[in-house]
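Student: sequence and predicted structure, then a few things I'm wondering about:
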Amino acid sequence: MSLALDTPIAELNRVGRVAAKRLQHLRVETARDLLFYFPFRYEDFSRVVCVKDVRDHEAVTVKGKIELIANKRSSRQRTILTEALVADDTGRLRVVWFGQPFIAKNLRVGDMVYLSGSVSSDMFGRQMISPAYEREIRNSKFEIRNSTTHTARIVPIYSITAGLTQKQMRFLLKQVIDLAKEIEEWLPEEILDRADLILLPPALRAIHFPADADELKQAERRLKFDELFILQLRAEMIRQSLKQVKAPALHFKEQETRAFVASLPFILTKDQKIAAWEILRDLEKAEPMNRMLEGDVGSGKTVVAAMALYNCVLNGYQGVMLAPTEILAKQHFGSLEQLLPEWKLALLTAEELSAIGYRLSAKFTRGKREELKSVIATGDIQIVIGTHALLQEDVHFHRLGLVVVDEQQRFGVDQRQALRERAGAPGLAPHFLSMSATPIPRTLALTLYGDLDISLIKEKPAGRKEIKTRVVEPKNREKAYQFIREQVRTGRQCFVICPLISNEQGTRHYGGQAGNKENGETRNLKLEIWDDKKSVLSEYEKLSQKIFPDLKVGYLHGKMKLKEKDETMKKFVAGELDILVSTSVVEVGVDIPNASVMMIEDAERFGLAQLHQFRGRVGRSEQQSYGLLFTATDSQKALERLSYFEKNTDGFKLAEYDLAARGPGEVYGTAQSGMMNFKLASLRDTDLIKLARDLARGIDFVKHATLKERVKEWERIVHLE
């Protein structure tokens, strides 16, 4: 049968309907899919040695003649053993296979075989246990045809599903490997030369069946580059498309900005000044800014964004700040109210609306909402803060000049277009500034956000004390509770973070807060089941009823109604709650300066980057703050991670450590960015990442239309997956 790249996998030799379905689970449906289904590791059996030279525990290949082979039943394990004696000119070697009686039929006395595996010794001498085997094949002229697939070479190992074997995968690849020459080369010759890469067809052949280690290295380098280059080309396409769009040139108002900085109740750090200057320079250009302001928790990103919004308004344009949650939007609204008291500000979310500097005349909420939208559209409101409710079709702006997006690292093309269409500045697109409090190592930032310019703030504001962090052993739990009580007595507050909302047995859901100070009465609430699982609802019950019955305890989690969450946060901000038990809903942005203790249950369940975000919810004032990590794990690896976290407060160092230990997908949730589509590349390929970025910059997509087509094809695949 003549094979082609689009030949269905079911039409290959020895692939039945069942095997075809199993391959489909691996997303392998055609011969092309099979070629691009890469091994995840290799066994190097390329060293062929004589029997006399085998050494214990070495992975080697032995070539010899079968002198004896037979099946017998094991008296101890009640299984079939296949035993063989293989010899070459230098000696004999015993071989044993377990539970594979068919081998005695496949191999016969007199066959020349290759055996690949590890050697061990017992009282009877050296032996090979369950090695891979392959007969030496001769053609009709009795010439040796040495083209092994499973032995005597660097052998590929694939991720497989139940019912498939490594031998099956290699057998199938052997059938289609010659089709690699039909794969079109998509990289221009100049890129191949500058990057010193081999062609794609030989790279595909070598990734499956490398002749030697050097050929494998070249194949891996080429295919890794392809994965990284696609991301960088996509970023370059976005860059170039933005350059074709005009943006308002927002001139730097030096005198007014100096006065604004002088009016602040604190001194800007060096990093804040540098970041602000980079942003203000971008705003002066007649093309849209596309920058990310990345700063550790509590590093002062909001004031830098306020300086940018300040200059935007001074130039006669509107500014918008988008936040992912109602809580964070309201927090930004309050911060900007203090930083920019002379401007007209508005808050607009799905549930909330408010205005400063403009008095709404409507009596009812619905009328007020429509009135607020109207004055935003006429330009009477200068800065609008809100959630994605601002992206609704009936929200229009008046000369929108700058959009600040907080904690939304991937503000989509469609969302940008929606704002551009309602920006109220014909022919002009607003500038975009993203903010992130999640420390991202440079290699990851270059890979994920290649289309963004990045400004970094690493310094903490003056006067902030480092948060003292401790891993608390179970035996010291009571001491930790006593410490929390002492902190509350001094007027401070405490967070308690749990990984789950409720325990597996089912926790009765109660709304609100508990404690004998609420409405002057004590609520007698009980869980149906007490257990050791650290969930918000079980911890809330335990703390409010058993540990701190005299304190005011509340809880917060993502499944609560928005109004309930808002009420709880209002109480905590106002100091009406001493302790707030929560899930990771408080991870980003929530600013409670009076909170001094962050207690985290089952801390080993969280990544270091996330733990750092939690810890950043305290230490927001000049008072000393503390982080208490509780864990019952006996995993040495988990304890090492927590110990590293205990000793380090630099978010970027923690991010690097976490990234190396767990990978980008688990740490940052990068599946939608294409990172999880990497088959070979990783963030440790720093040189290749830089090379791909450098070569993608300035690419002429008109001259190299195939590159643009390739990116579009990649986007379709990522979207479908």
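Tutor: Looks like it came in fine. Numbers count the residues shown, from 1 in each chain.
Student: just give me the neighbour total for Asp88.
Tutor: Using other CB atoms under 10 Å, the number of residues around Asp88 comes to 16. C-beta: built from backbone N, CA, C; applies to glycine.
Student: and the residue nearest to it when sequence neighbours are not counted, backbone torsions?
Tutor: Distances taken as CB to CB, 6 or more residues apart in numbering place Gly64 nearest to Asp88, at 4.2 Å, with adjacent residues excluded. Geometry field for Gly64 lists phi and psi as phi -160, psi 180, criterion degrees, to the nearest 10.
Student: for Gly64, which residues are in contact?
Tutor: Gly64 makes contact with 51, 86-88, 93, 112-113, 115, according to CB atoms under 8 Å, 6 or more residues apart in numbering.
Student: at 10 Å what do you get?
Tutor: Applying CB atoms under 10 Å, 6 or more residues apart in numbering to Gly64 gives the contacts 50-51, 84-93, 95, 111-115, 136.
Student: so it bridges to which residues?
Tutor: For Gly64, the beta-bridge partners under DSSP bridges are Val113.
Student: if I look at it, how far off is Leu93?
Tutor: 7 Å (CB to CB, to the nearest Å).
Student: ok, now Ala70?
Tutor: For Ala70, the distance to Leu93 (CB to CB) stands at 16 Å.
Student: after the helix or strand bottoming out on mean pLDDT in the chain, which helix or strand is next?
Tutor: Least confident helix or strand, the chain: strand 144-145 with a mean of 44, by mean pLDDT, DSSP states H and E. Next helix or strand after strand 144-145 toward the C-terminus (DSSP states H and E): strand 154-157.
Student: got the buried residues for the helix or strand just after that next one?
Tutor: Using DSSP H and E, the helix or strand that follows strand 154-157 in sequence is helix 166-176. Applying a neighbour-count criterion of 16 or more other CB atoms under 10 Å, one finds 166, 168-173, 175-176 buried in helix 166-176.
Student: and helix 166-176, what does it pack onto?
Tutor: With contacts taken as 3 or more CB pairs under 10 Å, 6 or more residues apart in numbering; DSSP states H and E, helix 166-176 sits against helix 17-25, helix 31-35, strand 132-135, strand 154-157, helix 200-208.
Student: tell me what the helix or strand immediately after it in the chain is packed against?
Tutor: Downstream of helix 166-176, the next assigned helix or strand under DSSP H and E is helix 189-195. Helix 189-195 sits against helix 213-243, helix 686-696, with contacts defined as 3+ CB pairs under 10 Å, 6+ apart.
Student: want to throw those helices into CSV with distance to Ser159?
Tutor: What follows is the helices and strands packed on helix 189-195, written out as CSV (distance: least, CB to CB, whole Å):
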stretch, distance to Ser159
helix 213-243, 16
helix 686-696, 23
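Student: which of the ones you listed sits closest to Lys708?
Tutor: Among those, helix 213-243 comes nearest to Lys708, with 6.8 Å by CB to CB.
Student: residues of the following helix or strand past the closest one that come out buried?
Tutor: On the C-terminal side of helix 213-243, the closest following helix or strand by DSSP H and E is helix 254-263. Of the residues in helix 254-263, 257, 260-261 count as buried by neighbour count, 16+ other CB under 10 Å.
Student: so can I have a markdown table of the helices and strands packed on helix 189-195 showing mean neighbour count, distance to Gly125 and mean pLDDT?
Tutor: Output for the helices and strands packed on helix 189-195, formatted as a markdown table (neighbours: other CB atoms under 10 Å; distance: least, CB to CB, whole Å; pLDDT from 0 to 100):
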| stretch | mean neighbour count | distance to Gly125 | mean pLDDT |
| --- | --- | --- | --- |
| helix 213-243 | 20 | 32 | 91 |
| helix 686-696 | 18 | 48 | 89 |
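Student: right, and the helices and strands packed on helix 166-176 - which one's nearest Asp602?
Tutor: Distance to Asp602, taken as CB to CB, is lowest for helix 17-25 among the helices and strands packed on helix 166-176, at 33.0 Å.
Student: where does Ser121 sit: helix, strand or coil?
Tutor: strand (DSSP: H, G, I helix; E, B strand; the rest coil).
Student: count residues in the vicinity of Asn13, would you?
Tutor: Asn13: 10 neighbours (other CB under 10 Å).
Student: got the contact list for the nearest residue to it once chain neighbours are set aside?
Tutor: Excluding the flanking residues, the one nearest Asn13 by CB to CB, 6+ apart is Gln175, at 6.0 Å. The contact partners of Gln175, by CB under 10 Å, 6+ apart, come to 1, 3, 7, 12-15, 31, 34.
Student: pretty sure Ala180 contacts Leu35?
Tutor: Yes: using CB atoms under 10 Å, Ala180 is in contact with Leu35, at 5.9 Å.
Student: any common contacting residues for the two?
Tutor: Shared contacts of Ala180 and Leu35 (CB under 10 Å, 6+ apart): 5, 201, 204-205, 207-208.
Student: next, format these as CSV and append neighbour count and pLDDT.
Tutor: Supplementary listing: those in CSV, determined by neighbours: other CB atoms under 10 Å; pLDDT from 0 to 100:
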residue, neighbour count, pLDDT
Leu5, 16, 92
Pro201, 16, 96
Leu204, 20, 96
Arg205, 21, 95
Ile207, 25, 96
His208, 23, 96
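Student: closest one to Thr438 out of those residues, please.
Tutor: For those, the nearest to Thr438 is Ile207 (34.0 Å; CB to CB).
Student: state the number of residues packed around the residue nearest to Thr79 when sequence neighbours are not counted.
Tutor: Spatially, and ignoring its direct neighbours in sequence, Thr79 is nearest to Gly99 (5.1 Å; CB to CB, 6+ apart). Neighbours of Gly99 under the rule other CB under 10 Å: 11.
Student: which pLDDT value goes with Gly99?
Tutor: Note on Gly99: pLDDT of 87.
Student: show me the contacts for it.
Tutor: Gly99 makes contacts with 74, 77, 79-82, 130, as judged by CB under 10 Å, 6+ apart.
Student: lowest-confidence entry in the residues you listed?
Tutor: Ranking the contacts of Gly99 by pLDDT, Gln77 lands last with 67.
Student: rounded mean pLDDT for stretch 563-574, please.
Tutor: The model assigns stretch 563-574 a mean pLDDT of 85.
Student: touching, Asp591 and Arg620? I think so.
Tutor: Yes: with contact defined as CB under 10 Å, Asp591 and Arg620 form a contacting pair (5.6 Å).
Student: find residues that contact each of these two.
Tutor: In terms of CB under 10 Å, 6+ apart, Asp591 and Arg620 are both contacted by the residues 297-298.
Student: domain assignment for this structure?
Tutor: 1-43+167-183, 47-152, 254-457, 468-648 (automatic domain parsing).
Student: tell me the phi and psi of Thr82?
Tutor: According to degrees, to the nearest 10, Thr82 has phi -110, psi 120.
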